[in-house]
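Q: here is a sequence together with a model predicted from it:
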Amino acid sequence: MLKPAYIKFVLLIGILLAGYTESRAQATTVKGTITDEKTGETLPYVNIVIPGTTMGTTSDVDGKYSMTLTAPNFKIKFTYVGYLSVEKTIPQGTSQTINIKMSVDASMLKEITVKGKAKYRNKDNPAVQLIRQVIANKDKNQMASYDFVEYEQYEKMSFALSNLSDKFKDRKVFRNYQFLFNDQDSAAIGGKNMLPAYMEEKLSQVYFRKSPYTKKQWIKGNRRAEFDSKFVDNDGLSAYFNRLYEDIDIYKNDVSIATNLLLSPIANTSPTFYKFFIRDTVKTQEPWLIELGFVPRNKTDMLFEGKLFITLDGNYAVQNAFLTVNKDINLNFMRDLEARLEFEKSNDGRYHLSKTTLGMEFALGEKGAGLYGQRTVNFKNYEINQERADSLYRGPGQQAIYNPLERKGENYWAQVRHLPLDRAEKDIYRNVDTLQTIPSFRRTMDITTLFLAGYKSFGIVEVGPVNTFYSFNPVEGFRLRFGGRTTTELSKRVFFETYAAYGFKDQKWKYFLSGTYSLNNKSVYHFPLHYIKASYQHDTKIPGQDLQFVQEDNFLLSFKRGENNRWLYNDIYKVEYVREFQSRFSYKLGFTKWSQSPAGILTYQEVKPEGELYDITRLRNTEVNVELRYAPGEQFYQGKLYRTPIINKFPIFTLRYNAGLKGVLEGQNNYHNLTGNIAKRVYLSQLGFVDLTAEGGYIFGKNIPFPLLTIHRANQTYAYQLNSYNLMNFLEFVSDHYASIDVQYYMNGFLFNKVPLLKKLKLREVFSFKAVMGGLRDENNPASGASVYKFPVDEQGRPISYTLAKEPYMEGSIGVANIFKLLRVDLVKRFNYLDHPNVSEWGIRARFRLDF
């Protein structure tokens, strides 16, 4: 009795399997990527339909599509506004990949050209009305509309040498290292041949609080490919790359791209600077989307071009965005840029950011090798209005909760990364290590370090800086110098530095020796610093000269204007303790004993009570020093000599206190010198930015000789110096109390971009104004009878040093920057004190400034 039932069951299963197999045989899966035939740009949201039916789909934001076809439908049609439609017949029965290249519809371009004769206007323009709705709804569509937000963030950033020729790839040195190269579609950004060179991944938990406004990023893991620290500051390199590729928040008025601010297409003022066009309506998903294209009114301004996909559900939120820049934009070294933003709808109907991708290629010209970098950030596990303890938000904006000494390997990252690495990305960590074993690569890095940093490494010691080996001045004449310092290959705790120099005119040796002990077992050139240092220096100095990021005996600074024959011989013994913290607060404690003798035609003379003058051959001084510094959000690249700041919007506060100790180790004076300084960059969106510096000082005490007072920073070189007065002479002004302001205004070509002949050169305007007001109290003023050193005079007996009692010293400049992408030239005017000897009312100064 069971046998017929069993047979029926088997037959039923067989029939079902046969039907399933037949349907599988008749089904065809096709997938691929849709791109612009000419540019290679992927086309998002292309309509894909089966002709004669209502069935279809659209490509995603990256131009990728996938669909399954069943008999008798084996044709699909691709349509996109502004492009010729493409129809394909798909072979049956097998899954396959078919990439589609779509051509621009020339007839539509012609039609647009004819219609384009009508003047674009904002009034009664539906595209502008739509963008105004987006702007009006910005507040409710961005994260700051919630009281609390938290999410997990994964980011990966990679760099590669791009657009390499086959000849470069086939060089003998790479013959056995072809696996280092990455081949791709020649139409893609970066060209056919790329050499991956850097990779970094980061996993974080981010907490946002609306009031008080706080955004805290707890870093759970960080991994990167590192170069030999002998050549590269890996922390500084990471900081610089992250500054170039900052987070893109399209809801803010300005978006930071390569250290410049570009106006967002949904900024409050965007209709003034952009033209908007409605390009298409996407009806294949809910809610419907409007594709809104936009271009800059002026191609050279700091603006994007691209398209937005706006929701038609009453929120007017951005659901997707594609951003690029015009090839004529006034950005240096920018060959190409593509940014994509994707948003997802949350349970409350709002849209939150789910993924951003920013790719940029930098190069010296339109052709040739370049550097391509891409940063992808993915967001997930959003929690809304989940209140957290206040302690969670305290401290720096970014803080690690992992042990940096514990290297998390691939097993960890394979489990936690949101997005898989492609083959090239997986290989970068290994390939960077391999690259550094190639002798020619190490030679190139060695030569580059010598050229840029001025040091040549010989293992446990490095020699330099080479640009100080030769210089000249009126006191020493021809001067030769040679020096060096130890490296971490000798010790990670103890460091020594020294140099010796000889002047052939004064026939005297100068020298320097220092020893530093690191208290955190790190290099004394690696953040955070924590060390004790003792040094002795016997050398010359120009009174009133204070240089930034350059050695005083740099060869290029040997060329000076006017008289430059008042110098000092200094003997300085110094002990200092330096401590830095992750919060960017630091302090420095020091003890200094120094003596100085006038050199050249400079003399120290004191007036006796009976009115006679007598010469002072040596001034001795002993002082204690304290410096407090707070630079929240500070970023920098640590070079061999100096930290090069990566300037951002955060202020820097510095407070210094020096106290003279009379009778201690032959110290001859009592005084208290207090100085405060505030520096900040203020961004003005399309109008550029302003660097502001305010400083003030007061010296308490009496009968203080002028070498111990404030000798205002002067510049007699032909280089424009930011922190000095460029038409003030050395030793010209002396004060015991003062206040100063320095304004540097960079317009980033906002005016020149409107001038047809100038905008092609991509020049940029720069303006500056500097002023200092101060004075000298009677108890420290030799002209008022104080028992102090007499102010110096020139060969004709005319005074060359003065006080600022009458009015503030002022100078200003108008300049042209970005000449050949690296030179700034200023016409400087001095506004007052023109009756002083050997001063100039006008001057031309130049400065190298490499910037994007």
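A: Nice, thanks for sending it over. Numbers count the residues shown, from 1 in each chain.
Q: pLDDT wise, what is the closest residue to Phe733 other than its chain neighbours at?
A: Excluding its sequence neighbours, the residue lying closest to Phe733 (CB to CB, 6 or more residues apart in numbering) is His712, at 4.5 Å. In short, each C-beta sits where N, CA and C put it, glycine included. Looking at His712, its pLDDT is 94.
Q: His712 contacts Glu732, doesn't it?
A: Yes. His712 lies in contact with Glu732 (CB atoms under 8 Å); the separation is 7.4 Å.
Q: thinking again about what came up before, give me the distance between the residue nearest to Phe733 and Gln96.
A: His712 is 76 Å from Gln96, where distance means CB to CB, to the nearest Å.
Q: and what of Gly306?
A: 32 Å.
Q: more neighbours: these two, which one.
A: Gly306 (18 against 12; other CB atoms under 10 Å).
Q: which SS state does the more buried one fall under?
A: strand (DSSP: H, G, I helix; E, B strand; the rest coil).
Q: which residues does it form a beta bridge with?
A: On the basis of DSSP bridges, Gly306 is bridged to Phe294, Leu323.
Q: and Glu155, by the same measure?
A: Those that pair with Glu155 in a beta bridge, by DSSP bridges, are Lys202, Val377.
Q: now do the one 4 residues further on
A: In this structure, Phe159 has the following beta-bridge partners (DSSP bridges): Tyr198, Gly373.
Q: residues in contact with it?
A: 196-199, 241, 371-373 (CB atoms under 8 Å, 6 or more residues apart in numbering).
Q: identify, from the residues you listed, the entry nearest to Leu341.
A: Distance ranking of the contacts of Phe159 against Leu341, using CB to CB, places Gly373 first at 17.6 Å.
Q: check contacts around that closest one.
A: 157-160, 198, 241, 244-245, 359-362.
Q: ok so, going back, can you get me a residue count around the residue nearest to Phe733?
A: Around His712 there are 22 residues (other CB under 10 Å).
Q: need the contact list for it.
A: By CB under 8 Å, 6+ apart, the neighbours of His712 are 544, 725, 728, 732-735, 738, 772, 774, 809.
Q: what about those, which are in strands?
A: Among these, DSSP state E puts 734-735, 738, 772, 774, 809 in strands.
Q: okay, these in a markdown table with pLDDT next?
A: Output for the ones in strands among the contacts of His712, formatted as a markdown table (pLDDT from 0 to 100):
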| residue | pLDDT |
| --- | --- |
| Val734 | 95 |
| Ser735 | 96 |
| Tyr738 | 97 |
| Val772 | 97 |
| Gly774 | 95 |
| Tyr809 | 97 |
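Q: so how do I select the buried members of those in ChimeraX?
A: A single ChimeraX command is used to select the members of the ones in strands among the contacts of His712 judged buried by 16 or more other CB atoms under 10 Å:
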select :734,735,738,772,774,809
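Q: which element follows the host helix or strand of Asn163 toward the C-terminus?
A: Assigned by DSSP states H and E, Asn163 falls within strand 148-164. As assigned by DSSP H and E, the chain's next helix or strand after strand 148-164 is helix 166-169.
Q: which helices and strands does that following helix pack with?
A: When contacts are defined as 3 or more CB pairs under 8 Å, 6 or more residues apart in numbering; DSSP states H and E, helix 166-169 sits against strand 193-209.
Q: mind redoing it with 6 Å?
A: In terms of contacts (3 or more CB pairs under 6 Å, 6 or more residues apart in numbering; DSSP states H and E), helix 166-169 is packed against no helix or strand at all.
Q: so which bits of that helix are buried?
A: Residues Lys169 are the ones in helix 166-169 that count as buried (16+ other CB under 10 Å).
Q: what's that helix in contact with?
A: With contact meaning CB atoms under 6 Å, 6 or more residues apart in numbering, helix 166-169 is reached by 181, 193.
Q: next helix or strand past that helix?
A: Defined by DSSP H and E, the subsequent element after helix 166-169 is strand 182-183.
Q: and that next one, which strands flank it?
A: Under the criterion DSSP bridges, strand 182-183 sits next to strand 193-209 (antiparallel) in its sheet.
Q: ok, back up a step: distance to Val325 added to the contacts of Gly373, as TSV?
A: Shown next, in TSV, are those (distance: CB to CB, whole Å):
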residue	distance to Val325
Met157	20
Ser158	21
Phe159	19
Ala160	20
Tyr198	23
Phe241	19
Leu244	14
Tyr245	15
Gly359	12
Met360	9
Glu361	12
Phe362	13
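Q: can I assume Tyr525 sits in a helix?
A: No. With three-state DSSP as the criterion, Tyr525 is coil rather than part of a helix.
Q: between the contacts of His712, which is closest to Gly395?
A: Nearest to Gly395 out of the contacts of His712 is Tyr738 (CB to CB; 36.4 Å).
Q: which residues are in contact with the closest residue to that closest one other than its chain neighbours?
A: Leaving aside its sequence neighbours, Tyr738 sits nearest to Gly774 (CB to CB, 6+ apart; 2.9 Å). When contacts are counted by CB under 6 Å, 6+ apart, Gly774 touches 735, 737-738, 804.
Q: closest one to Glu580 out of these, please.
A: Checking these one by one against Glu580 (CB to CB), the nearest turns out to be Tyr738, at 28.8 Å.
Q: show the contacting residues for the closest one.
A: By CB under 6 Å, 6+ apart, Tyr738 lies in contact with 697, 710, 772, 774.
Q: mind listing the strands for the stretch 751-852 of the chain?
A: 764-775, 809-819, 823-830, 842-848 (DSSP state E, counting those that start in this stretch).
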